[in-house]
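Asks: Output the structure for:
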Amino acid sequence: MPDLLGERVGFVRRIGLFQATAINMSQMCGIGPFVTIPLMVTAFGGPQAVIGFLAGAVLALADGLVWAELGASLPGAGGSYVYLRQAFQYRTGKLMPFLFVWTAMLFIPLGMSTGVIGFVQYLGYLWPGMSPGQGDAVGLAVTVGIVVLLWRRVEWIARLTVVLWTVMIAAVGLVIVAAFTHFSPERAFTYPAHAVDLTSAQFWAGFAGGLTIGVYDYLGYNTTAYMGAEIRRPGRTLPRAILLSILGIMAIYLLLQIGTLGVVDWREMLDPHSTAGSSVASAVLERTWGRTAAGAVTVLILVTAVASVLTGLLGGSRVPCDAARDRVFFRPYGTLHPRHRFPVLGLLTMGGTTAAGFLLGRHTDLTTVIQLLTTVMVIVQSLAQVAAVTVLRRRQPALRRPYRMWLYPLPSLVALAGWLVIYGYADRNAPGRHPIEWSLAWVAAGLAAFLVWARHEREWPFGPKRISEPYLERGTEPGGAVPDGAEPVTGEG
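Replies: Numbers count the residues shown, from 1 in each chain. As a prediction, the model looks like this:
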């Protein structure tokens, strides 16, 4: 805990259930399914690719229940940082929260960079003559514009998110309606021979690749958990927002996937240079309602892409803030804007990394970025949080838990198995790219940075473990939040 309470206080709880669900869904949907349907078909080698979205939904629901219990019990700014700090402080001091912040500064903006890549990809439908250099310039301009939009108070952004969420629902809704007005069951459900051969190693490699893409499309159900200090009644709001957003997006994705396969032959999607391979939703609209309708809906898809990146950076920029205020990350990251109350350096850093990730993906491929961000995320965040639920139940049995995981520990075990499959098959599904090796190298660099920091700060293993259990104290609002109706107390110098 910081020495001065005023340094912790500053966020205000102003986001309700509808806004929280809209933030999650906007970040989850975004451009993801519009650019990954061809990738999913490629992974499975046919229209049985719908299995990947179903598997991703199961993993998202299981992992969502992990987030729901942790978020309801420990509603602080930074999400996973708070959970890992509380769970693992007893044995390894501040190692796990430090590593999480270290990796989050990479995998969160990498995820957002895929949204910018998708934006430029779909813009190509409206601008067929766009050169690679022009595409790069557009993507960088979009990234800067989103950072500018986030340079304001969170309640204004929450209202904007509801508008963008409406546009997202309109975009996917129109694509789904168009697809089912010209739907061919034969095209959608005619699978190649041995499409689902459970004894084939090739099927399971494709399943792991499809699961990675599927869960990537669902990522974002945890966005408001990073903003736990700004959520009204978080014990009730966070679990509901997480579950509602997953179920809503699951229905949308399945309709979108099946409808698209019923209009566009899956073999066309294997060519990334064709309209079906690069802008499949635009291809659906063009073949059903004509070029004009396709152009109009493509504009809505571009707005949806902006919405997903905006909400992702909104939540992600909060991650290093609480760590910095706990002296577990560089202290400037804990400074809030004096007027608008958002973490300035976190937003700027993640915006810059998003731009770098966009350029990486533009000059390699989207699958490479997805594999890298998921392996880095799995090794420190996903697996550690599954363990954190059990550790906290044992270490802090008196912790107030407004929501307790249904059917515990089954969802934790399902999430554990899913994340292990994704990580174990990462290199096989990205030959020559070595995402596992890169993720391990990034974590190793984080360990080295932690040892340097711990020696300077005289923390474990060079000093005593400092156990802090603020969420066990009644009548406090840990995590930098101001209770409903209260005015924020500013403590920055």
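
Asks: next SSE after the top helix by length along the chain?
Replies: Scanning the chain for the longest helix, with DSSP state H as the assignment, gives helix 95-126. Downstream of helix 95-126, the next assigned helix or strand under DSSP states H and E is helix 132-149.

Asks: which other residues reach that next one?
Replies: With C-beta atoms under 8 Å, 6 or more residues apart in numbering as the test, helix 132-149 has contacts from 116-117, 119-120, 123-124, 127, 130, 157, 160, 306, 309-310, 313, 347-348, 351, 354-355, 358-359, 362. Yep, even glycine has a C-beta here, placed from its N, CA and C like the rest.

Asks: quick one: Thr353 and Gly115, what's the gap?
Replies: Applying C-beta to C-beta, to the nearest Å, the value for Thr353 to Gly115 is 13 Å.

Asks: These two: which is more packed in?
Replies: Using other C-beta atoms under 10 Å as the criterion, Thr353 and Gly115 rank with Gly115 on top: 29 against 21.

Asks: Tell me, how many residues neighbour Ala22?
Replies: For Ala22, the neighbour count with other C-beta under 10 Å is 26.

Asks: is it true that it touches Arg159?
Replies: No. Ala22 lies out of contact with Arg159 (C-beta atoms under 8 Å); the separation is 9.9 Å.

Asks: residue ranges of the helices in the stretch 351-493 of the chain, please?
Replies: 366-377, 383-395, 410-424, 426-429, 435-457 (DSSP state H, counting those that start in this stretch).

Asks: list the contacts for Pro320?
Replies: For Pro320, counting by C-beta under 8 Å, 6+ apart, the contacting residues are 78, 81, 101, 104-105, 329-330, 333-334, 343, 345-346, 349.

Asks: Chain neighbours aside, what residue packs nearest to it?
Replies: Leaving out its chain neighbours, the residue that sits closest to Pro320 by C-beta to C-beta, 6 or more residues apart in numbering is Tyr333, at 4.1 Å.

Asks: what about the one you found, distance to Gly346?
Replies: Computed with C-beta to C-beta, the distance linking Tyr333 and Gly346 is 5 Å.

Asks: of the two, who's got more company?
Replies: When neighbours are counted by other C-beta under 10 Å, Gly346 comes out ahead of the other of Tyr333 and Gly346, with 29 against 21.

Asks: what about this protein, any weak spots by pLDDT?
Replies: Applying pLDDT under 70 to the chain flags the ranges 1-11, 154-158, 340, 429-432, 473-493.

Asks: I figured the residue nearest to Pro320 hits Pro343, correct?
Replies: Yes. The pair Tyr333 / Pro343 is scored as a contact, 6.6 Å apart, by C-beta under 8 Å.

Asks: Give me the common contacts of those two.
Replies: Residues touching both Tyr333 and Pro343 by C-beta under 8 Å, 6+ apart: Pro320, Cys321.

Asks: So which of the contacts of Pro320 wins on neighbours?
Replies: Greatest neighbour count in the contacts of Pro320, by other C-beta under 10 Å, goes to Gly78: 35 neighbours.

Asks: Find the residue closest to it in space, skipping its chain neighbours.
Replies: Closest residue in space to Gly78, ignoring its immediate chain neighbours: Asp322 at 3.8 Å, by C-beta to C-beta, 6+ apart.

Asks: same thing with Gly248?
Replies: Met25 (5.9 Å).

Asks: Isn't that neighbour up against Ser245?
Replies: Yes. Judged on C-beta under 8 Å, Met25 makes contact with Ser245 at a distance of 4.7 Å.

Asks: Need the residues touching each of those two.
Replies: With C-beta under 8 Å, 6+ apart as the test, Met25 and Ser245 both reach Gly220.

Asks: OK, contacts around Ile370?
Replies: Ile370 touches Leu39, Thr114, Thr212, Ile213, Tyr216, counting by C-beta under 8 Å, 6+ apart.

Asks: Mind doing that once more with 6 Å?
Replies: Shown in contact with Ile370 (C-beta atoms under 6 Å, 6 or more residues apart in numbering): Tyr216.

Asks: and Met25, how many residues sit next to it?
Replies: Number of residues near Met25 (other C-beta under 10 Å) recorded here: 27.

Asks: give me the element it is part of.
Replies: Residue-wise, Met25 maps onto helix 17-29 under DSSP H and E.

Asks: what does that helix contact?
Replies: 158, 161-162, 164-165, 168, 218, 220-221, 223-224, 237, 240-241, 244-245, 248-249, 307-308, 311-312.

Asks: before we move on, what about stretch 216-225?
Replies: Contacts for stretch 216-225 (C-beta under 6 Å, 6+ apart): 20, 23-24, 27-28, 32-33, 36, 56, 60, 64, 67, 71, 79, 241-242, 245-246, 311, 315, 370.

Asks: quick one: which of those sit in helices?
Replies: Per DSSP H, the subset of the contacts of stretch 216-225 in helices is 20, 23-24, 27-28, 32-33, 36, 56, 60, 64, 67, 71, 241-242, 245-246, 311, 315, 370.

Asks: check contacts around the residue nearest to Gly78.
Replies: Contact partners of Asp322, counting by C-beta under 6 Å, 6+ apart, are Gly76, Ala77, Gly78, Tyr81.

Asks: Nearest to Gly16 among the residues you listed?
Replies: Ala77 (17.5 Å; C-beta to C-beta).

Asks: Could you measure from the residue found closest to the closest one once you drop the neighbours it is linked to in the chain over to Leu238?
Replies: Spatial nearest neighbour of Ala77, excluding adjacent residues (C-beta to C-beta, 6+ apart): Ala229 at 3.9 Å. Using C-beta to C-beta, we find Ala229 at a distance of 11 Å from Leu238.

Asks: same deal with Ile31?
Replies: From Ile31 to Leu238 the distance is 25 Å (C-beta to C-beta).

Asks: One more: Ser412?
Replies: Noted for Ser412: a distance of 18 Å to Leu238, by C-beta to C-beta.

Asks: how many neighbours does the residue nearest to Thr181 when sequence neighbours are not counted have?
Replies: Leaving aside its chain neighbours, Thr181 sits nearest to Thr288 (6.0 Å; criterion: C-beta to C-beta, 6+ apart). Counted by other C-beta under 10 Å, the residues lying close to Thr288 total 19.

Asks: How about Val167?
Replies: Count around Val167 with other C-beta under 10 Å applied: 18.

Asks: Need the phi and psi values for Met227.
Replies: Reported as degrees, to the nearest 10, the phi and psi values for Met227 are phi -110, psi 30.

Asks: Test my guess that it contacts Gly315.
Replies: Yes. If you go by C-beta atoms under 6 Å, Met227 and Gly315 touch, sitting 5.4 Å apart.

Asks: Which one of the two is surrounded by more residues?
Replies: When Met227 and Gly315 are compared for neighbours, Met227 comes out ahead with 30 against 24, by other C-beta under 10 Å.

Asks: And the more buried one, how far from Val299?
Replies: Distance, Met227 to Val299, by C-beta to C-beta: 29 Å.

Asks: what does Tyr216 give?
Replies: To Val299, Tyr216 is 24 Å away according to C-beta to C-beta.

Asks: The two: who's more crowded?
Replies: A direct count of neighbours by other C-beta under 10 Å for Tyr216 and Val299 places Tyr216 higher, at 24 against 14.

Asks: tell me which element the more buried one falls in.
Replies: In this structure, Tyr216 is located in helix 201-218 according to DSSP H and E.
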